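**Student:** build me a structure from this.
(2 chains)
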Protein chains: 2
Amino acid sequence: MTIRYPNGNAYRAPATSTGRRFPSTYTTDYGKRGMTLEEELNESNTYYELHGLAVVHKKPTPIRIVKVDYPKRSAAVIKEAYFSTASTTDYNGVYQGHYLDFDAKETRNKSSFPLKNFHQHQIDHMRACMTQGGICFAIIKFVTRQEIYLYPAAKLFACWDAQETGGRKSVPYADIAEQGILITPELQLPVPYLKAVDQLL
Amino acid sequence: MTIRYPNGNAYRAPATSTGRRFPSTYTTDYGKRGMTLEEELNESNTYYELHGLAVVHKKPTPIRIVKVDYPKRSAAVIKEAYFSTASTTDYNGVYQGHYLDFDAKETRNKSSFPLKNFHQHQIDHMRACMTQGGICFAIIKFVTRQEIYLYPAAKLFACWDAQETGGRKSVPYADIAEQGILITPELQLPVPYLKAVDQLL
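**Tutor:** All right, here's what the predicted structure looks like:
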């Protein structure tokens, strides 16, 4: 059921920095038009958790808080804060005994994925997780093509490291399409990435 | 080496909401006096990661951002934001192929641990993670006793559920000491909880 304001506008739950929202069944659905990859993943993770398939969450955006007011009889208000850089990837969780760790990136580029979308510490973090037996990957969306791929971390590391010895600063689309696993949207599940994870296992 | 301000005060890296700090070797160490459990755990997690033993991080505090200013030529400033409630526990990560998920709580109470330190959604989250094969627990510090225990999630659930049928609103210290695993500080490792996790496996 769509909840509406008196003026007829549909109510959408505000996105919080935990990345949690009401499931899409509460909001009008126009075929996922205009959803960001983050929204699509949050919806998919909610679906997976509700159905007992996996527990994966987006981490809150890290914020450096400078000033907080504590007004009488009301909640604390943060008056000055800055975005800080995460030391990890954005998503992690557990899937049938496996530790999952990944980052999600969108590009409007049609022919390649620019590696500047990643940071050294995210690569380092995924390497450390893989050493511990975790399953790491990137979810890459080519927005203009409307195609989403799971790209294994090992392939990403190879491209990343090649930059140092004069390699490309981007991964060609053809390589991602060949070495990655295409993720096709399903009903109620905009990014059914666990199917692709099954192929990695 | 301790880095000092011109006035002689030691420099301490500001804590960010990612919970990351410089390792304690950069700061003066007075035998961990006055460290919070969160600081002790962050330091332990840094040690574990540096030594390739596990990758565990505290999640950033979730913040609901209302107003952001984008001043010219400088970083975005958050001008109005509120603390929101996390939908998960505070810590998770990977340890030798195992998914770890836990929360850390301090109490000044000497004789028992009040269950109001936990929220229903944290209990629900840990249950969901255990169903997926994750290893879940609480790290409980009795501040006045200076004792830290790993308390298995299964025991916690039993106490939590008992409240509904008129059970106690707290877990007696004696029960935690008996059913939990005592964690004894080590050099450079204020909370060596992985040793206790090994006993759970």
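**Student:** how near is the nearest residue to A:Thr89 once chain neighbours are set aside to A:Gly52?
**Tutor:** Among residues not flanking A:Thr89 along the chain, A:Asp103 sits closest, at 4.2 Å (Cβ to Cβ, 6 or more residues apart in numbering or on different chains). To be clear about C-beta, it is placed using only N, CA and C from the backbone, and glycine gets the same treatment. A:Asp103 sits 25 Å away from A:Gly52, going by Cβ to Cβ, to the nearest Å.
**Student:** the two: who's more crowded?
**Tutor:** Set A:Asp103 next to A:Gly52 and count neighbours by other Cβ atoms under 10 Å in any protein chain shown: A:Asp103 wins out with 24 against 10.
**Student:** looks to me like the more buried one is in a strand.
**Tutor:** Yes - checked against DSSP: H, G, I helix; E, B strand; the rest coil, A:Asp103 lies within a strand.
**Student:** wait, it sits on A:His121?
**Tutor:** No - in this structure, A:Asp103 is not within contact of A:His121 by Cβ atoms under 8 Å, at 11.2 Å.
**Student:** list the buried residues for the helix ranked longest in chain A?
**Tutor:** Secondary structure assigned by DSSP state H gives helix A:37-50 as the longest helix of chain A. Across helix A:37-50, burial judged by 16 or more other Cβ atoms under 10 Å in any protein chain shown covers A:37, A:39-49.
**Student:** now it, how far from the centre of its chain.
**Tutor:** 9 Å (Cα atoms, centre = their mean, to the nearest Å).
**Student:** and that helix, what does it pack onto?
**Tutor:** Helix A:37-50 makes packing contacts with strand A:55-58, strand A:91-95, strand A:98-107, strand A:135-142, helix A:193-200 when contacts are defined by 3 or more Cβ pairs under 8 Å, 6 or more residues apart in numbering or on different chains; DSSP states H and E.
**Student:** one more time with 7 Å, if that's ok
**Tutor:** strand A:55-58, strand A:98-107 (3 or more Cβ pairs under 7 Å, 6 or more residues apart in numbering or on different chains; DSSP states H and E).
**Student:** and the angle from that helix to strand A:135-142?
**Tutor:** Angle between the axes of helix A:37-50 and strand A:135-142 is 130 degrees (criterion: axes from the mean of the first three to the mean of the last three Cα atoms, to 10 degrees).
**Student:** next, the angle helix A:193-200 makes with helix A:37-50.
**Tutor:** If you take the same axes, to 10 degrees, helix A:37-50 sits at 80 degrees to helix A:193-200.
**Student:** A:Phe113 against A:Ala174, yeah?
**Tutor:** No - look at A:Phe113 against A:Ala174 with Cβ atoms under 7 Å: they stay out of range, at 11.0 Å.
**Student:** the two: which is more packed in?
**Tutor:** More neighbours surround A:Phe113 than the other of A:Phe113 and A:Ala174, with 26 against 10 (other Cβ under 10 Å).
**Student:** which strand residues bridge the more buried one?
**Tutor:** A:Val171 (DSSP bridges).
**Student:** pLDDT value on it, please?
**Tutor:** At A:Phe113, the model reports a pLDDT of 98.
**Student:** tell me how far it lies from A:His121.
**Tutor:** If you go by Cβ to Cβ, the gap between A:Phe113 and A:His121 works out to 19 Å.
**Student:** low-confidence ranges in chain A?
**Tutor:** A:1-33 (pLDDT under 70).
**Student:** what's the closest non-adjacent residue to the most centrally placed residue in it?
**Tutor:** Nearest residue to the geometric centre of chain A (Cα atoms, centre = their mean): A:Ala104, 3.8 Å. Of all residues not flanking A:Ala104 in the chain, A:Ile139 sits nearest, at 4.4 Å (Cβ to Cβ, 6+ apart).
**Student:** burial count for the one you found?
**Tutor:** When neighbours are counted by other Cβ under 10 Å, A:Ile139 comes out with 24.
**Student:** the most far-flung residue of chain A relative to its centre: which element?
**Tutor:** Relative to the centre of chain A, and counting by Cα atoms, centre = their mean, the farthest-placed residue is A:Lys72 at 38.0 Å. According to DSSP states H and E, A:Lys72 maps onto no helix or strand at all.
**Student:** quick one: it and B:Thr85, what's the gap?
**Tutor:** Distance of A:Lys72 to B:Thr85, given as Cβ to Cβ: 22 Å.
**Student:** same check, this time on A:Thr85
**Tutor:** A:Thr85 is 24 Å from B:Thr85, by Cβ to Cβ.
**Student:** now do A:Phe118
**Tutor:** Using Cβ to Cβ, A:Phe118 is found at 31 Å from B:Thr85.
**Student:** go on, A:Glu106?
**Tutor:** A:Glu106 is 28 Å from B:Thr85, by Cβ to Cβ.
**Student:** quick one: the helix or strand in which A:Ala158 is found to chain centroid distance?
**Tutor:** Assessed by DSSP H and E, A:Ala158 sits inside helix A:153-162. How far helix A:153-162 lies from its chain's middle: 19 Å, per Cα atoms, centre = their mean.
**Student:** same question for stretch A:161-168.
**Tutor:** Taking Cα atoms, centre = their mean, the mean C-alpha location of stretch A:161-168 is offset from the chain mean by 26 Å.
**Student:** repeat for stretch A:94-104
**Tutor:** Distance, centroid of stretch A:94-104 to centroid of chain: 12 Å (Cα atoms, centre = their mean).
**Student:** tell me, how many residues neighbour A:Tyr173?
**Tutor:** If we define neighbours as other Cβ under 10 Å, then A:Tyr173 has 20 of them.
**Student:** A:Ser111 is in contact with that one, correct?
**Tutor:** Yes - between A:Tyr173 and A:Ser111 a contact is recorded at 5.3 Å, counting by Cβ under 7 Å.
**Student:** look up the closest residue to A:Thr107, ignoring the ones flanking it.
**Tutor:** Sequence neighbours aside, A:Phe113 is the residue nearest to A:Thr107 in space, at 5.4 Å (criterion: Cβ to Cβ, 6+ apart).
**Student:** same deal with A:Ala138?
**Tutor:** A:Tyr151 is the one closest to A:Ala138 (Cβ to Cβ, 6+ apart), at 4.7 Å.
**Student:** who's in contact with the helix or strand containing that neighbour?
**Tutor:** In this structure, A:Tyr151 sits in strand A:147-152 according to DSSP H and E. Identification of contacts with strand A:147-152 by Cβ atoms under 7 Å, 6 or more residues apart in numbering or on different chains yields A:137-141, A:176-177, A:180-183, A:191, A:193, A:196, A:200.
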